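[1] Let's see this in three dimensions:
(one chain, ligands or ions: 4)
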Amino acid sequence: MTAMPPVLSKSAAPANKLVQTTCPYCGVGCGVDVLQRGGMTGTLSELKGSTEHPANFGRLCIKGTHLLETLDGNKRLLQPVVFGQPASWDDAIGVIAAKMAAIIEQHGPDAVAIYGSGQLLTEDYYVANKLMKGFIGTANIDTNSRLCMSSAVVAHKRAFGEDIVPCNYEDLEHTDLLILTGSNAAWTHPVLYQRIERAKLRNPDMKVVVVDPRKTDSTAIADLHIALKPGTDAVLFCGLLNFLANNNALDEAFIAASTHGFAETLAAAFEWPMARVAEVCDVAEAELVTLFNWFATLPRAITFFSMGINQSTSGVDKGNAIINCHLATGKIGKEGSGPFSITGQPNAMGGREVGGLSNMLAAHMDIDNPAHHATVKQFWNAPNLITKPGLRAVDMFQAAADGKVKCIWIMATNPVASMPNRALVEAALKQCELVIVSDTAAQTDTLNYAHIALPATGWSEKNGTVTNSERRISRQRGLVAPMGEAKHDWEILSLVGQALGFEDAFNYAHPAEIFAEHCALTAANNNGSRALDLGPLADLSVAQYDNLRPQQWPLNETHRIGTERLFADGSFYTPNRKANFVAITPRLATQQTSAEYPFVLNTGRIRDQWHTMTRTGNAPRLLKHIDRPWLSVHPLDAQALAVKDGDLLKAEAACSGEVEVILPVKIDDKQRRGEVFAPFHWSATWGSHAKVGALLNGANDALSGQPELKHGAIRLSPVAMQSYGLVYGDESLVVALQNAGYYYLNTPTTAAACIELADPRDPQSMVAAVLKHLPKDAQWATLQGPHQLSIVVTRNNKLVLAVLLADKPMDMPRDWLDSLYSGTELSPEQINGLLEQQPDEAFLLGKVVCSCFGVRENTIKHAIDEGNNTVSGLGKALKCGTNCGSCKTELASLIESSGAMPQSEAKEETSNDYAL
Ligand SMILES: Nc1nc2c(c(=O)[nH]1)N[C@H]1C(S)=C(S)[C@@H](COP(=O)(O)OP(=O)(O)OC[C@H]3O[C@@H](n4cnc5c(=O)[nH]c(N)nc54)[C@H](O)[C@@H]3O)O[C@H]1N2
Ligand SMILES: Nc1nc2c(c(=O)[nH]1)N[C@H]1C(S)=C(S)[C@@H](COP(=O)(O)OP(=O)(O)OC[C@H]3O[C@@H](n4cnc5c(=O)[nH]c(N)nc54)[C@H](O)[C@@H]3O)O[C@H]1N2
Ligand code: SF4
Ligand SMILES: [Mo]
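    Numbers count the residues shown, from 1 in each chain. Ligands and ions are numbered 1, 2, ... in the order given. Just a heads-up that it's a prediction; the model follows:
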C-alpha cells in the first residue's frame, strides 16, 4: 500500500511554534524562548529563558522577562520621514544617495560618517563597515562601542596581540577569587551575577571582592568591598603586582616561557608600596592586605571589569594593570582564572569582530598591515579601500561641529542623550548638512535633529547573529513581520550602497549570505595568525544558518565546535607568540574638581532600564523599581547644601554651557563624600532637565578614544522652586501640560500618564497654561486653598485628568491615583480626596482583613515587618484573627508572601534547582 501524502489546506492557520532567540539587551547574551502564535503575522507570548542556552540555562533578568511588554507599536517609527514629511523608501534612499554623492564629490569621502552601535546585529554591522571602508572610502565609521569597550580592546591588543577575551562564563563558577572592579553586575549583568551568587552558595570558600567607590547592590555577596577613590584602580593593581613580587607569588616559569617585558613592568610597579597605594586610593591598608593575600595565595582568580575601568582617560592602562597581575601569576588560560572584560551591549563583541570601529579594518585585521590590506581589498573587490584610520566618536562630533563632517548617519544609538558634552553634540548636528537617523523609536533626543529618519526593524523582527561576552555567537531570530514600513538595517545600508553605484557588492537577499561572507573573511589568509576564525561557518545554507546553535569562536579545523578558553597553551597572538606586560604609570582623571566645580560626578546604570529608555521605558512595570532620575548625595554633603530627599538640585559643569541640568536629590550614605552619582538613562524625551551627558566634557583616553564618563567635575546648587505639580490621567491630556511649568519629569504609572512639574513662581503662574489645555467636553471640579490648587476632570464621573498644584513637593502615592483611574465611577468622597490632595485612609491602610476588629492589610504587613511573623503573634499584637478566626488563612498567606520566615524555617537553596 502506498502512503498518501498529507493533505494541506492552503488556508490552515500556521501552528503555534516555540522559537528560540536571544535577548537584545546586555552582553550576557541570554537565550530566550518565545511562543509564536499564528506565524509571522501573529502574536508572541510566553517568553521564557532557554533552558539549554549556555549563557543563562533558563534564567532571565527583569529586563529580559518583560521584553514583550516593550514592543509597543504606538512608540515606533513606522515610515521614512524626509525633511519633516512622510516619504516612501524610494524617495528617502534617492535623497540620501544624491546628497551623499554630492557631498563626497565636493568635499571627499571623509566628509561622510556613520555613527553606529553595538546593538546592531553582526550582519548589519558588517555591511556598514564594508560600505564605508571598502566602497565610500572613508574609515569614518565609529560606534557607541567607543564609549563602552574601546579601552578593553586596546588593552587586549597591547597584551595579547589581538582583541581577545580569554575566559568564559563557567570560569566564574570555578574560581577561588572573583574581583568585580568597576562593575555593578548585580544590576548590569544580572544573570551572570546570579551564576556567581549560586557558585558562592555551593562553595562558601570562594571569595568575592567588589572594588567600586559606591556601595552598590553587587556588594551583597562580597566578602570585601573596597570603596576606593574614583579613578585610582591602576594604582591598586600596580600595588598588587608589587606585592605579588615581594611575596613569592610570581609564576616565574610562565613569565619566562610565555611573556615579554616583565622587568620594566615590575620596576614601574615597585613605585607602589602598600602604604602609598592605601593613601592614593584612600582605603585602609588592611583591606588591601586582605585582597592582595587572597590573590597571591588562592590558586585561581578572575578580575571581572567593566565601565568603572574602561570609561576613563587612562582606561587602557587600567586594563593592562589588571592583565599584568594575571600574567605575572600565570592566572590566565586556565579554568577559573583570567582577566574578564565584560561587554555591555548585546553585540559589542560582534561589532569588534567585523572591525566596526574607525581604527580597525575588518575581521580583526589592521589598517596599517599591508598583508591585511591586500587580503581585504581582494576579498571585497573594494575599489576605495581605506588606508588610514578615521574619526573616533568624540572627534567625529567635534569634526561635525567644525564643519568638516557634513553628513552623519546615526544608526541604533542615541548620541544626543548618551554622548558626553551634549552642548557640542547638539551644535554638531545643527551644523551638519545631512543628518540621517535610523531608529526603531518614534521619539528620541537624536531624532529631533534628523533631516531624514529611517524606520528600522527591532528585536522580534530582526534576523541575524550576535556575539556575547564569552565569544559565543547566537541567533537573534525574526519572529514577526516588520512593523509598518520598517526595514532591516542591513537592507537599508545595502539599498544606499546600490544607489551609490555599488550594486554587485551590496546585492544581499538574506542575512545568511552576509554571515557567510563575514565568516569567509575571518578565514581569509588566516592560517592560525588570528584567533578570530569562523571558517567552518562560511558555507552554511540558509536552513543551517536558521538552525545555528550557540557556539564560541575560534572555530577552525582544530576547534570545529568552538573553543571555550583561549591561551591554554601559553601561546598568544603577538608576532613572537608571547604576551606583553605593559609598564604602567597610573594617572588620575582628567576632569578634576576645583573650588568652582567641587563635586566628582559618577554616572551609570540602574537595574530595570536600558540606556536611553526607548524600549524599557515602554514597559511601565520596569518603572516600578525606580521611576525617576536622581542625584545620589552623601548625607553630609546634603546637609552642607541644605537639601533633603526629593529637592531639586541644579548641576553645572564648565562644559555644560546653555544646557541646564536639574535632578531630584537622593540622600545616600552608600556614596563617598564629595562624590555624587546619577543614572544616565533619562533624557530630554523624559524630562525638561534630564540631560546628564551635558556635565561630562568628552575628555578621552589618547590610546582608545574612550570618554571619561565616570568622573566629571560639577557644582551643585538648590533650585528655589515656589510651586510643584502633579498631572495625572489620559496620556494626550497629560502630555499637553508638559510645559506648563519650568521643569517637568515624565513618571508614567502602570495605569496612566503622569508628569511632575515645578516652577520658580507661585502655583497661580501655572494655572493659565493648564486652563488652556483642559478638554471642553468634560466636567471639572476645582479647589483652591492658600497652599494648593487642584483641578479634577471627569467624563461620565470617570477620572480623565487630575492637576494637583501646591507650594511644596507632594508625595502622592501612585497606587492610589491608579486605583481611582481604574475605569469605575468616582464617588464624591474620592473626588474630594483628589481635590484635597489627600489619599483616603482606606487606601493607605489597605482592605479590611479582620472584620471583627477592623484590622486593615497594611497595618498587618507593618506588624509582620516588625517581627510578628506567626498568626498567633499577629493576634497578640493586633487582635486580628482572635475572634471568629476566619481571616487566619489570609493572615498566614500575608506572612508567607512577605517572605518573613522565622530563621529556623529558612531553607537554603538546594543545588538541584538549577542546571549548570
Ligand atoms: N540594567 C542595565 N544593564 C545594562 C545596561 C543598562 O543600560 N541597563 N547597559 C549595558 C552596557 S552597554 C554596559 S557598558 C554595561 C555596564 O555595566 P557596568 O560597568 O557594571 O555599569 P555602570 O553602572 O556603568 O558602572 C559600573 C560601576 O563603576 C563604578 N565606578 C565608577 N568609577 C569607578 C572607578 O574609578 N573605579 C571602580 N573600580 N569603579 C568605578 C560605578 O560606581 C558603577 O557602580 O551594562 C550593560 N547592562
Ligand atoms: N554619562 C554616561 N553616558 C554613557 C554611559 C555612561 O555610563 N554614562 N555609557 C555609555 C555606554 S557604555 C553605552 S553602550 C552608550 C549607550 O547609548 P546609546 O547607544 O545611545 O543608547 P540606546 O538607548 O541603547 O540607543 C539605541 C538606539 O537605537 C534604537 N534601536 C534599538 N534597536 C535598533 C535596531 O535594531 N536598529 C536601529 N537602527 N535602531 C535600534 C533605540 O530605539 C535607541 O534609540 O551610552 C554611553 N553613554
Ligand atoms: S542578563 Fe542581559 S541578556 Fe540576560 S536577560 Fe538580562 S538583559 Fe537580557
Ligand atoms: Mo556599553
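
[2] Please enumerate the strands of the stretch 751-900 of the chain.
    With DSSP state E, counting those that start in this stretch as the criterion, the stretch 751-900 of the chain has strands at 753-759, 779-784, 788-795, 798-806, 848-850, 855-856.

[3] List the buried residues in the helix or strand harbouring residue 64.
    Here residue 64 is covered by helix 62-65, with elements defined by DSSP states H and E. Residues of helix 62-65 classed as buried: 62-65 (neighbour count, 16 or more other CB atoms under 10 Å). From N, CA and C alone the C-beta is placed, and that goes for glycine too.

[4] what does stretch 89-109 give?
    Those would be 89, 92-93, 95-97, 99-100, 103-104, 107, 109, for stretch 89-109 by 16+ other CB under 10 Å.

[5] Pull the residues that contact it.
    If you take CB atoms under 8 Å, 6 or more residues apart in numbering as the criterion, stretch 89-109 is touched by 80, 82, 87, 111-112, 136-138, 140, 384, 406-407, 433-434, 436, 452, 454, 485, 487, 492, 495-496, 499-500.

[6] which ones are touching the residue of the stretch 751-900 of the chain found nearest ligand 1?
    Of all residues in the stretch 751-900 of the chain, residue 814 sits closest to ligand 1, at 21.8 Å by CB to the nearest ligand atom. When contacts are counted by CB under 8 Å, 6+ apart, residue 814 touches 627, 747, 749, 754.

[7] With residue 853 instead?
    Residue 853 touches 878-880, 882-883, counting by CB under 8 Å, 6+ apart.

[8] In helices, which of those fall?
    With helices defined by DSSP state H, the entries of the contacts of residue 853 inside them are residue 878.

[9] Would you list the buried entries among the contacts of residue 853?
    With burial judged by 16+ other CB under 10 Å, the buried subset of those is 878, 880, 882.

[10] picking up where we left off before, dump the buried residues of helix 62-65 into a markdown table; add distance to ligand 4 as well.
    What follows is the buried residues of helix 62-65, written out as a markdown table (distance: CB to the ion, whole Å):
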| residue | distance to ligand 4 |
| --- | --- |
| 62 | 19 |
| 63 | 14 |
| 64 | 17 |
| 65 | 21 |
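
[11] ok, so of these, who is nearest residue 783?
    Nearest to residue 783 among the buried residues of helix 62-65, counting by CB to CB, is residue 62 at 39.6 Å.

[12] Can you give me the separation between that closest one and ligand 1?
    Taking CB to the nearest ligand atom, to the nearest Å as the measure, residue 62 falls 8 Å from ligand 1.

[13] Look up how far ligand 2 lies from that residue.
    Distance of residue 62 to ligand 2, computed by CB to the nearest ligand atom: 17 Å.

[14] How about the contacts made by that residue?
    Going by CB under 8 Å, 6+ apart, residue 62 touches 190, 607-608, 622, 625.

[15] That one and residue 724: what is the separation?
    Separation of residue 62 from residue 724 (CB to CB, to the nearest Å) stands at 31 Å.

[16] Which residue ranges make up each domain of the protein?
    Using automatic domain parsing, the domain parsing of the chain gives 17-70, 75-148+347-512, 166-341, 599-718, 723-815, 848-909.

[17] could I get the ones you listed as a markdown table with mean pLDDT?
    A markdown table is the format used below for the domains of the chain (pLDDT from 0 to 100):
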| stretch | mean pLDDT |
| --- | --- |
| domain 17-70 | 95 |
| domain 75-148+347-512 | 97 |
| domain 166-341 | 97 |
| domain 599-718 | 97 |
| domain 723-815 | 92 |
| domain 848-909 | 80 |
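
[18] For residue 585, which of those domains is the nearest?
    Nearest to residue 585, of all those, is domain 166-341, at 6.1 Å by CB to CB.

[19] quick one: terminal-to-terminal distance for the closest one?
    9 Å (CA to CA, to the nearest Å).

[20] right, is that domain up against ligand 4?
    No - judged by CB under 5 Å from the ion, domain 166-341 and ligand 4 are separated, with a smallest distance of 6.8 Å.

[21] centre of the chain versus that domain, how much separation?
    23 Å (CA atoms, centre = their mean, to the nearest Å).

[22] ok, and does that domain reach over to ligand 2?
    Yes - residues of domain 166-341 contacting ligand 2 under CB under 6 Å from any ligand atom: 307, 311.

[23] Name the nearest residue to residue 822, ignoring sequence neighbours.
    Leaving aside its sequence neighbours, residue 822 sits nearest to residue 751 (CB to CB, 6 or more residues apart in numbering; 7.0 Å).

[24] From residue 627, how far out is that neighbour?
    Look at residue 751 and residue 627: by CB to CB, they are 13 Å apart.

[25] Helices along the stretch 151-300 of the chain, start to end?
    Secondary structure of the stretch 151-300 of the chain, counting by DSSP state H, counting those that start in this stretch: helices at 169-173, 185-188, 190-202, 233-246, 252-258, 262-269, 274-281, 285-297.

[26] Provide a list of residues in contact with the closest residue in space to residue 232 that isn't next to it in sequence.
    In this structure, residue 232 finds its nearest non-sequential neighbour in residue 281, 4.5 Å apart by CB to CB, 6+ apart. Each residue near residue 281 by CB under 8 Å, 6+ apart is listed here: 226, 228-229, 232, 235-236, 239, 288.

[27] try it again with 7 Å
    Going by CB atoms under 7 Å, 6 or more residues apart in numbering, residue 281 touches 228-229, 232, 235-236.

[28] Mind checking which of these are buried?
    When the contacts of residue 281 are checked for burial by 16+ other CB under 10 Å, the buried set is 228-229, 232, 235-236.

[29] Most widely separated two among those?
    Distance extremes for the buried ones among the contacts of residue 281: the farthest pair is 229 and 236 at 10.0 Å, using CB to CB.

[30] which one of the buried ones among the contacts of residue 853 sits closest to residue 548?
    Residue 548 has its nearest neighbour among the buried ones among the contacts of residue 853 in residue 880, at 58.7 Å by CB to CB.

[31] May I have the distance across stretch 388-403, first residue to last?
    Stretch 388-403 has an end-to-end distance of 20 Å (CA to CA).
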